[in-house]
Each structure stands twice: as structure tokens, then as C-alpha cells.
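K.L.:
give me a model of this one.
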Amino acid sequence: MRARSSLSHNCGSGTVLASTALALILACPLYAAAQEKAQQKIASTFSERYPARQAFDRAAPAAISPAAEHPAASSPAPAEPAAASEQAAAPDPLASLDPADRPVAENIRDLLAAKADKIFANRKERAAVETFYQARNFAPIWLDKGIENARARSVVARLHSADTDGLDPKDYATPGFAGLAPDALADSDLKLTRAVLTYARHVQAGRFAYTRVSRNIELPQALPEPAAILASVTDAADPAKALDAFSPPQEAYQKLKAVLTELRGKAGSGKSDVSRQIETVVANMERWRWYPRDLGESYVVVNQPDFTLRVMHNGAQVWTTRVVIGKTSMPTPLLSETMKYITVNPTWHVPPSIVHNEYLPALAQDPTVLERMGLRVSYHGGDVEITMPPGDNNALGRVRFNFPNRFLVYQHDTPDKHMFADEVRAYSHGCMRVQDPAKYAEVLLKIARPGEHWSAERIKGMFGRAEQDIQIQPVPIWVHLTYQTAFVDGAGKLALRRDVYNLDSRTLAAIRSERGTVEPAPERKREPEMASNTSPRRSARPSPPPSPSSSYPGFLFQPAPYDALSYARPQPPRAVYR
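P.N.:
Numbers count the residues shown, from 1 in each chain. Below you'll find the predicted structure:
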């Protein structure tokens, strides 16, 4: 009885062991299938980014699966046909490369997959580089058969002479290629690509965002496309020349570039002023990179430190005049916009800052002071509006030139003609006062509307009490407000001007300390243009403006117009020349 019991116990243990073994044998194919499925998912994810790597992996010997090592002893599961066995192995795209370049290409592919974000400046640049290399089967750009090619030598020479464009060659470190293993060659290839992209970006758009210098600027600062840089350099017969083409093409920039070369040749002469001149030229070259590469067929350029305005047409200067710019506490901005229309007999709407800071305090002291100046005060709910109707003593004079912008500045006439006799003419609240506005209007209209026989006399014949707009478009005339403390004059000599707004010092400080990616400016909503006679606008009732008397407060002898117009202000219907 005891023996039977013992036998029964042993038999029970054997049954458990047999069951466990059978379960393990049956589970083995399922585990192998799950592992193979996971591996396929990983490979699929990687191949979506790098198809070339997928083809390369297919060409490699297949790994032995656990199921092959441990065949199931029980009834096999239904076999599923393997895609790899049904389809012919895709050709390896790297197989077409020279044997000396193939290991470098493999390392380039791996570096881009693992470290692209650490090599290149931003996501757009990384994506462009990955796409470019992938299209060439990850072949190195700067190597042929494992040796540095002529293309590399050409761009390296250009990068080493970056100082001819006022840049610092140390910002574009060039790697070596001699005697390196494939992984190091791949790293050097990508680093030279990075140096080329950085140089093209710096020479075209600048080394930092212009907001590092001032918020009183709105310019395109257009970045080159990384793909366009790589395509132009790799396709060019002269890669250095292709790279040089990204420098600003404006005539003023190119003349400064030539002067910079001359000054660098004198740098060893011991003259202290040469170093200062070089810095000034470099600062001006940096600012030119923020402007449109094409200034336009017809354009107006204001040079603030020179206090001048020039009208250019078909590559030649057709007219110039003196201007008054903003005072140092209210500087004129830097911008590029198109001239939209000219207003004859403008009404001046006094901005809130002057209303509250200057005119209301004066009104509290003398209730009649504004009326004697020809200003009209009106109340709308809790708001106070002060306007000056058209007339000879209007703060805007008889003509206003409108190029709507977010700074709300424009160009205009002025009753204070004596200011144009001064050498330094920084007196306004931000706008530009033009010495001869009637002639200026004639010059612009002869360009924009050549068949209509506009003249300064015709403009003056429109002077009166009613506002009238003369449309400039559709012919685009650009207005570029620039800050050139260094430029080449008509005699071909370097001309230097005082740094009125301290922009040179701030530009040079940023050059010494700032290096960053210039992000494209977001699209902004365009300013309303007030160019239609269909939108109503409030207007003060005309009244003859009396001459100021000696009883006015001192600052009211010459009412300082805050040269900013609310373009959104409703306007009364008036004549519009279209």
C-alpha cells in the first residue's frame, strides 16, 4: 500500500514536468514570431527616414531566429510566407559609390541619424542637409575617392577670406581631411557643409537678428534657403564664386567692400583712425544685409546720418534734397516700404502723447492758447482730439508723402524752413521733413504717372483748404530708410558721418558678442492705407491759423509735430487722383 502511494506521488510529479515542457515547446514559436515582428517594426520606422539604409540592411545576411534554433516538437503553426523570400533583394544604393567613398557614406548616414541636431543650427537646416545627402546616396560632398576634392579647396579658400566681407573667418572653422579614418572623414564632410551654410547665412542676412541692435527697425533680413546654398555650390564650376554670390548685391555694399580691402591694406601703417574706419565700415556692411537685395527699379533712399534724401530711377540718381530726421529721443526708424500716395493739404491729427504731455497742460494754463495756434479741440466721450486743419502754418506743411508702416512715420513739408540750414538736422518726432516737397512730388509723379505732366507748379496750384490724395501705385516706388555712417561718395571717396543714434556702437557690440540663427519674421498685418475716398474721417472745421505771439509758452513758438499719423482714423470724402 505504501509502495502504491509512493508510485502515485512520483507519477504526479512526472505529469507536471511533462506538461511544463510541452508548454515551453509550444510557446517558443510564438515568442520567435513576436520578436521578429518587433524587429520588423523598428526597421520599418528607420527606413521611413532613410530608405537607403533599408536597402542596405536587406542585402545583409538574415539573422537566425530563435525558432530556427529550437524547432517545435509539436504540430507546427501554419507557415506565413516571408516578404524577404518572395521579393528580390533591393540593390544597395551605396553600392554605386566608389569603394573608397562607401565607408564614408555609411558613416555620414549614421551621423545624420544620430547627431544631426548637434551639428546643424536649426530644424530647417538639418532637414535640408539630410534630404540633400540622401538624394546623393550619402556620398560625401567634399571628397572624391576618399580625398579632398577641388570643390572643398575652393570653398575653404573663400571661407578663409571671409574678412573681405567684414566677417570673422574664425566663425567658419574648416576641418582637415588628410590621413583620416572613414568615421572622421564623414565628420569632417558634415562640418565643412555646416561652415558653408553658416557663411552663406551670415554674409546674406547677418550674424544676428537686427532686434539685438534696436526695436526701431523693420526690414526683411531674408535668409538664404539651405537647399539652394548646397545646390548652387555643388553645381557650380567655381564654388567660391557661387558662395560669394550670397553677399549683398547693393551698389553701396559692394563699394564699401572695396574700401574695406583698401583700409585693411593700411592697417599696419600705425594710424589709429584706420582701425576706427574699418569698424565703421564693417558695421555699415552688416546693416546692409538686413535690407532687400533688390532695392527696386525706382526707389527713395534716406540716409539719416547724412540728413539727405535721394530719388533713384533705373540705376541713376534723378534728384536729392535735405531732410530733417527724428531727435535722438525719438529716432527715425529703419524700414523698407512702398510709397502709396501723396496728400496735398493734410490735416494734422495731434497724437495722444503730445496731447497729454504738451498741449493739455498748456491748455490748463491758458484756455485760448491752442485756438490762437489754429488748433481745434474736440471731445468724444472721455477722449480728447486735437487737430490742425490745412494751411500754411500746419505742422505738416502743404504736402505729406505716405508709405504706411507700423511706426506711423511719413515724410512731409514743414513751415519751419530755417531748420534746413543746420548741419545736424535731428529735430522731429520721428518723421522726415522735406526741404522742397512740391519738387519731390513732381519727381515721384513723373516716375509713377509719366503721361500726366505733373510739375511742382501744378502741385502748388492745389494748395488750399481741402485734402486731396494723389495715388502713386501701381508703379512701385520703394522708400528705404537707411543709417549709413560710412558710404562712398560721388567722387569715389569714403565719407563718414557722426553716429547720431548710437547704432554703430550697438551694431559693433552685437558683432563682438552675438551669434545666432535669424528666425524669419512672422507675417504681420498690413497697416490700413487711408487711400480711398470712401472711408469717412473726422475733420476739424477750417479756421484761419493766426501767427504765434510772444505770449505763448516757449515750446509753442514752433509747435513740435509728433510726426505720426493714425492711418486708421476715419477720413471725410475728398478728391483722390487715381
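K.L.:
now do the same contact list for Asp187.
P.N.:
Residues in contact with Asp187 (CB atoms under 8 Å, 6 or more residues apart in numbering) are 107, 111, 175. Glycine gets a C-beta too; all of them are placed from N, C-alpha and C.
K.L.:
give me the element the first one is part of.
P.N.:
Under the criterion DSSP states H and E, the helix or strand holding Asn107 is helix 102-119.
K.L.:
right, and the helix or strand after that helix?
P.N.:
Counting by DSSP H and E, what follows helix 102-119 is helix 123-135.
K.L.:
so what does that next one touch, helix or strand wise?
P.N.:
Judged by 3 or more CB pairs under 8 Å, 6 or more residues apart in numbering; DSSP states H and E, the packing partners of helix 123-135 are helix 102-119, helix 182-205, helix 226-235.
K.L.:
out of the ones you listed, the one nearest Glu385 is which?
P.N.:
Closest of the helices and strands packed on helix 123-135 to Glu385 is helix 182-205, at 42.6 Å (criterion: CB to CB).
K.L.:
just want the angle from the closest one to helix 226-235.
P.N.:
110 degrees (axes from the mean of the first three to the mean of the last three CA atoms, to 10 degrees).
K.L.:
buried residues in helix 182-205?
P.N.:
Residues of helix 182-205 classed as buried: 182, 185-205 (neighbour count, 16 or more other CB atoms under 10 Å).
K.L.:
same question, stretch 242-250
P.N.:
So for stretch 242-250, counting by 16+ other CB under 10 Å, buried means 242-244, 246-248, 250.
K.L.:
could you do stretch 372-389 as well?
P.N.:
372-377, 384-389.
K.L.:
average pLDDT for that stretch?
P.N.:
Stretch 372-389 comes out with an average pLDDT of 90.
K.L.:
measure that stretch end to end?
P.N.:
Using CA to CA, to the nearest Å, the end-to-end distance of stretch 372-389 comes to 13 Å.
K.L.:
could you do stretch 139-155 as well?
P.N.:
By CA to CA, one end of stretch 139-155 lies 18 Å from the other end.
K.L.:
likewise for stretch 446-459?
P.N.:
12 Å.
K.L.:
who's in contact with it?
P.N.:
Residues contacting stretch 446-459 (CB under 8 Å, 6+ apart): 298, 311, 313, 318, 344, 399, 436, 438-439, 441-442, 445, 472-473, 475, 477.
K.L.:
export the helix holding Asn107 as PDB, just CAs?
P.N.:
C-alpha atoms of helix 102-119 as PDB (Å, rounded to 0.1, in the frame of the first residue of the first chain):
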ATOM      1  CA  ARG A 102      31.300  54.000 -49.500                       C
ATOM      2  CA  PRO A 103      32.500  53.600 -45.800                       C
ATOM      3  CA  VAL A 104      32.500  57.400 -45.500                       C
ATOM      4  CA  ALA A 105      28.900  57.400 -46.900                       C
ATOM      5  CA  GLU A 106      27.900  54.800 -44.300                       C
ATOM      6  CA  ASN A 107      29.300  56.900 -41.500                       C
ATOM      7  CA  ILE A 108      27.600  60.100 -42.900                       C
ATOM      8  CA  ARG A 109      24.300  58.300 -42.900                       C
ATOM      9  CA  ASP A 110      24.800  57.100 -39.300                       C
ATOM     10  CA  LEU A 111      25.900  60.600 -38.100                       C
ATOM     11  CA  LEU A 112      22.900  62.200 -39.700                       C
ATOM     12  CA  ALA A 113      20.600  59.700 -38.000                       C
ATOM     13  CA  ALA A 114      22.300  60.100 -34.600                       C
ATOM     14  CA  LYS A 115      23.800  63.600 -34.300                       C
ATOM     15  CA  ALA A 116      22.300  65.900 -36.900                       C
ATOM     16  CA  ASP A 117      20.700  68.100 -34.300                       C
ATOM     17  CA  LYS A 118      24.100  68.700 -32.600                       C
ATOM     18  CA  ILE A 119      25.800  69.600 -35.900                       C
END
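K.L.:
relative to helix 182-205, how tilted is it?
P.N.:
50 degrees.
K.L.:
and helix 102-119, how far out from the chain's middle?
P.N.:
How far helix 102-119 lies from its chain's middle: 30 Å, per CA atoms, centre = their mean, to the nearest Å.
K.L.:
Asp171 and Val301: what is the separation?
P.N.:
Distance of Asp171 to Val301, given as CB to CB, to the nearest Å: 30 Å.
K.L.:
more neighbours: the two, which one.
P.N.:
Val301 (23 against 14; other CB atoms under 10 Å).
K.L.:
let's verify the more buried one: helix, strand, or coil?
P.N.:
strand (DSSP: H, G, I helix; E, B strand; the rest coil).
K.L.:
ok, and the closest non-adjacent residue to it?
P.N.:
His480 (4.8 Å; CB to CB, 6 or more residues apart in numbering).
K.L.:
go through stretch 154-168 and flag the buried ones.
P.N.:
154-156, 158-159, 162, 165-167.
K.L.:
cool, stretch 296-310 as well?
P.N.:
296, 298-310.
K.L.:
kindly report the same for stretch 266-278.
P.N.:
274, 277-278.
K.L.:
would you list those residues in TSV and tack on pLDDT?
P.N.:
Output for those, formatted as TSV (pLDDT from 0 to 100):
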residue	pLDDT
Val274	94
Gln277	97
Ile278	97
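K.L.:
so the closest residue in space to Thr343 that isn't next to it in sequence: helix, strand or coil?
P.N.:
Nearest-residue entry for Thr343: Arg400, 4.4 Å, with adjacent residues in sequence omitted and distances by CB to CB, 6+ apart. Secondary structure state of Arg400, per three-state DSSP, is strand.
K.L.:
what's the burial count for Arg400?
P.N.:
26.
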